[in-house]
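S.K.: Output the structure for:
(2 chains)
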Amino acid sequence: MSDVSVGLNEKRGLSLAPEAPGGLASPRDYIALLKPRVMSLVIFTALVGLVRAPDHVHPVIAFTALLCIAVGAGAAGALNMWWDADIDAVMTRTKGRPIPSGRVTPQEALAFGLTLSAFSVVVLGLLVNALAGALLAFTIFFYVVVYTMWLKRSTSQNIVIGGLAGALPPMVAWAAASGTVSLESVILVAIIFFWTPPHFWALSLYRADDYARAGIPMLPVTAGPDETRRQILLYTLFLVPLALSPVALGEAGLAYGIVAAVTGLGMLALAVNVYRRRTGTEAVRAAKKLFGFSILYLFLLFATLLAEAVVAGI
Amino acid sequence: MAQKVHRKLGDERPKEEAPPAVRPPPDGVVLTPEQLRRRRARSIAIASVLGFLVVLFYVVTIVKLGPGVVLNRPL
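M.R.: Numbering: from 1, shown residues only, chains lettered A, B, ... in the order given. Here you go, the predicted model:
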């Protein structure tokens, strides 16, 4: 462990596992550093941005753009794990990650993340276009510096503002395809941005103890579970009509409208359920249901947008 | 005098070396079989990624140049 890491951990009053000698990692551990589940969502939403952009690029260039966006997102994940290794070690959900478990040293993760960040941004900028490269660089910077290093440990609005980093991939892909950003790409970003708080706060409702132990000021820890339930409902009330706006603006078709309306009602019903059930196992079950359905909700919205674009292109 | 010469000759005969009591430690870090297996897996992964990038950059170059540039160039 570097002196810098030791100093930071001492300052936070947390400790990592005994120093690992390094060289113990398998390729699977490095893949785990890239947060493959988050990466799969990034690839999927970026693909939608790429396909829905008005200009079409050569499939090889499109593949390269997706690869760079995926690698950039993975690199940001690796840097997040490097910085957050101390709190990952005390949280049940994350203590098995490669750094806290000692399979990858912090220095290895830092070098891996920095190398992939630079590589993905430079390749996207040179092989696709400069705007896409710049947007990807901003996304990585925002996730690592603004969210991970600054907001996550300092404010209960961490995932609200930090959610922008997870929302940007469709815009990066849109820029890769067209060289510009447009209103539809902004709406795609906005949908993910406003989806993030109800999604993560539902998770944090039944993981509040974990976050409290790690000293992360998630909303249920700082404002309490009832306020979190109210915020979840408010964000969902804003999210559902926002998800319908592509239809109103003529950028999505009837199929998307039906899917957005039906699944939006499902989101609202589950958010109301979370708001009403506040104690015992019923409250936990309600939060878990909303968390699980929110993933399906976002997937169905973007899958329908993708399907409509593919059908229109045939 | 003769005995002295004989003793001297005897001293010059090569002696069999006794085995050392403790083996000297090998140089550097000794990896366990598991560490060797993981290092080999990492090396193969890095080689695969580099090979993939070579192919990708080649194909992207051809695409960006356009097929006419490569196939119809003056010989």
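S.K.: For chain B, which residues are neighbours of chain A?
M.R.: Neighbours of chain A within chain B, by C-beta under 8 Å from any C-beta of the partner chain: B:31, B:35, B:38-39, B:41-42, B:44-45, B:56-57, B:59-60, B:63-64. C-beta coordinates here come from the backbone N, C-alpha and C atoms, glycine included.
S.K.: among the residues you listed, which ones are buried?
M.R.: B:Arg38, B:Arg42, B:Leu56, B:Val60, B:Val63 (16 or more other C-beta atoms under 10 Å in any protein chain shown).
S.K.: Give me the nearest residue to the fourth one, chain neighbours excluded.
M.R.: Okay, so that is B:Val60. Excluding its sequence neighbours, the residue lying closest to B:Val60 (C-beta to C-beta, 6 or more residues apart in numbering or on different chains) is A:Leu127, at 5.3 Å.
S.K.: quick one: contacts for residue 45?
M.R.: All of this is about chain A. Counting by C-beta atoms under 8 Å, 6 or more residues apart in numbering or on different chains, A:Thr45 touches A:Pro169, A:Pro170, A:Ala173, A:Leu188, A:Ile192, A:Phe302.
S.K.: switch to chain B, that's the one I care about
M.R.: Contacts of B:Ala45 (C-beta under 8 Å, 6+ apart): A:Pro27, A:Tyr30.
S.K.: In which helix or strand does it reside?
M.R.: helix B:33-65 (DSSP states H and E).
S.K.: could the buried ones among the residues of chain B next to chain A go into CSV alongside pLDDT?
M.R.: Putting these into CSV (pLDDT from 0 to 100) gives the following:
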residue, pLDDT
B:Arg38, 91
B:Arg42, 94
B:Leu56, 95
B:Val60, 93
B:Val63, 91
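S.K.: I'd like those as CSV, with distance to A:Val310 appended.
M.R.: Converted to CSV, those look like this (distance: C-beta to C-beta, whole Å):
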residue, distance to A:Val310
B:Arg38, 42
B:Arg42, 38
B:Leu56, 25
B:Val60, 24
B:Val63, 22
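S.K.: Which residues of chain A lie near chain B?
M.R.: A:Gly23, A:Leu24, A:Ala25, A:Ser26, A:Pro27, A:Tyr30, A:His58, A:Val60, A:Ile61, A:Thr64, A:Leu67, A:Leu127.
S.K.: same thing but at 10 Å, please
M.R.: Chain A comes close to chain B at residues A:21, A:23-31, A:57-61, A:63-64, A:67, A:103, A:119, A:123, A:126-128, as judged by C-beta under 10 Å from any C-beta of the partner chain.
S.K.: Buried subset of the residues you listed as a ChimeraX selection?
M.R.: Filtering the residues of chain A next to chain B down to the buried ones (16+ other C-beta under 10 Å) takes a single ChimeraX command:
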select /A:24,25,26,27,29,30,57,61,64,67,103,123,127,128
